[in-house]
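Visitor: Could you work out the structure for the sequence below:
(one chain, ligands or ions: 1)
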Amino acid sequence: MTVRNKLGAQALLWTCGTSSEELREVIIRAAAIGYEILELVFPDPDAIDVNAVRVFLQDAGIGVTGATALAPSSDISSEDSTISARGEEILRKAVRAVAELGGTQLCGMLCSALHKYSSPATETGRANSVAALRRVADYADGFGISLCSEIVNRYETNLVNTTEQGLALLKDIARPNVKLHLDTYHMNIEESSMEGAVLMAGDRLGYVHVGESNRGYLGSGNVDFASFLRTLLLGGYTGPIVFESFSSAVLEPSVSSQLCVWRNVWDNSDDLAAHAYAYLTTAVESAERGLRGYRWAGSQPLGGKRDLPGPGGKQ
Ligand code: MN
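Guide: Down below sits the predicted model:
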C-alpha cells in the first residue's frame, strides 16, 4: 500500500546553513532516505540562491515547501507599524522564494513573532496581523501559493495557541489560501484533544508537523501518533506530513536559544531522519489498514476529499 500523504523532512534536521552547497547536501540526504518533500526554512529569504536550489531539488526528484518564523524585530502583530511592515516584507519575500523554488506552500510562524511574549496580544496587534496576512495572502494567490499559519504553544506566541483560536483568525483574514498548520509538539501542550483539533480544523488544515513531545525521536515521548494519524486520515487530510526535530548538534546557537533547546536528545541527523521516515511510513500505512471499510455517515464529509481505502485495500 502506498502512503498518499507526502512525507517530508525539515532542513533543520541537518543544518541551519543556507548556502547552495549546504542545501544541496541536505536535499541529497533527504531524498536518499525516501522523503518526498524537503521543507526549507528561511528566516532571510534573500539568503538562498533559489535558482541553484531549484535545480538541486529537480535533480533529486524531491518536492519543496517553505517555512519561516518571524522575529520580534519583524513581528506583524506588533503595534509599531514599522516593525509590522518589516515582517510583511519578509513574508512577501518568502512567498516569492517558495514560488521560485517550485513550491506551493509557505508554513511556519507567520501570524506573529516566534518568541516568549511577556503580556497578552492586543486588539491593535491582532488587527495588524490580520491585515498584513490578508495582503500577503492576496500577493501569494498570484503565485498559486497558500499560507499555512502554524499554531504554536503559549511560550512561543501570545496571539494564537489552539486550533479554535486559529480558525477564528482565519475567519477574520477571510482568504481561502490561508490555512492552518498544526504541529503535534505544540498540540501536546495546548489542545485538550489532538483528535478533536484535527477534526475541528477540517478542510482548513493545510500543513502538518509531526514532532515528539521532547522534540526528539518519534515514539520516544508522549505523543500518540497512531491516534493522531488515524484522525488525520479520517478527517480527509491529504496534505504533507513533515517531521520536525531540533538539536544543538546541528543548530546555530542563536536558533537553539530561540527554540529553547537546552539539552540534546539526538546527535546523528541521518539516523534520526531515517528513523522518522520508517516510523511514519509504518504508522500511516497501519492507520490506513485500520480504517478500511469505515465511512463517514454524515451528509457532508468531515474534511477534505480523501477517499479511504475500501475492503481489501481497493480504492
Ligand atoms: Mn513546527
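Visitor: Name the nearest residue to the residue in the stretch 51-200 of the chain that the ion sits nearest to, sequence neighbours excluded.
Guide: The ion sits closest to Asp183 of the stretch 51-200 of the chain, with a gap of 3.7 Å, by Cβ to the ion. (Glycine included, C-beta is placed from N, CA and C.) With Cβ to Cβ, 6 or more residues apart in numbering as the criterion, Asp183 has its nearest non-adjacent residue at 3.7 Å, and that residue is His209.
Visitor: Next: Arg215.
Guide: Counting by Cβ to Cβ, 6+ apart, the residue nearest Arg215 is Phe246, at 5.2 Å.
Visitor: Would you agree the one you found falls within a helix?
Guide: No. Using DSSP: H, G, I helix; E, B strand; the rest coil, the secondary structure at Phe246 is coil, not a helix.
Visitor: For it, the count of nearby residues, please.
Guide: 23 (other Cβ atoms under 10 Å).
Visitor: ok, it - contacts?
Guide: 12, 215, 256, 259, 261 (Cβ atoms under 8 Å, 6 or more residues apart in numbering).
Visitor: Regarding the residue nearest to Asp183, what are the backbone dihedral angles?
Guide: When read as degrees, to the nearest 10, the backbone of His209 gives phi -100, psi 130.
Visitor: quick thing: my sequence starts at 740, can you match it?
Guide: Sounds good: first residue 740 from here, last item His948.
Visitor: From Ser995, how far off is the residue nearest to Arg954?
Guide: Separation of Phe985 from Ser995 (Cβ to Cβ, to the nearest Å): 7 Å.
Visitor: Then Leu886?
Guide: The separation that Leu886 has from Ser995, given Cβ to Cβ, amounts to 27 Å.
Visitor: Return the alpha-carbon coordinates of the helix or strand harbouring Leu909 using CSV.
Guide: Taking DSSP states H and E as the definition, Leu909 sits inside helix 902-912. The C-alpha atoms that make up helix 902-912 are tabulated as CSV, following Å, rounded to 0.1, in the frame of the first residue of the first chain:
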residue,chain,number,x,y,z
THR,A,902,-6.9,25.3,16.6
GLU,A,903,-10.1,27.1,17.8
GLN,A,904,-8.2,30.4,18.0
GLY,A,905,-6.5,29.6,14.7
LEU,A,906,-9.9,29.2,13.0
ALA,A,907,-11.1,32.4,14.4
LEU,A,908,-8.0,34.2,13.0
LEU,A,909,-8.6,32.5,9.6
LYS,A,910,-12.2,33.7,9.7
ASP,A,911,-11.0,37.3,10.2
ILE,A,912,-8.4,37.1,7.5
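Visitor: which other helices and strands contact it?
Guide: helix 862-880, strand 885-889, strand 917-922, helix 933-940 (3 or more Cβ pairs under 8 Å, 6 or more residues apart in numbering; DSSP states H and E).
Visitor: Save the ones you listed as TSV, and put in mean pLDDT and mean neighbour count too.
Guide: Formatted as TSV, those follow (pLDDT from 0 to 100; neighbours: other Cβ atoms under 10 Å):
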stretch	mean pLDDT	mean neighbour count
helix 862-880	98	19
strand 885-889	98	26
strand 917-922	98	24
helix 933-940	97	21
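Visitor: The ones you listed into TSV, with extra columns for distance to Ala808?
Guide: Formatted as TSV, the helices and strands packed on helix 902-912 follow (distance: least, Cβ to Cβ, whole Å):
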stretch	distance to Ala808
helix 862-880	14
strand 885-889	8
strand 917-922	11
helix 933-940	21
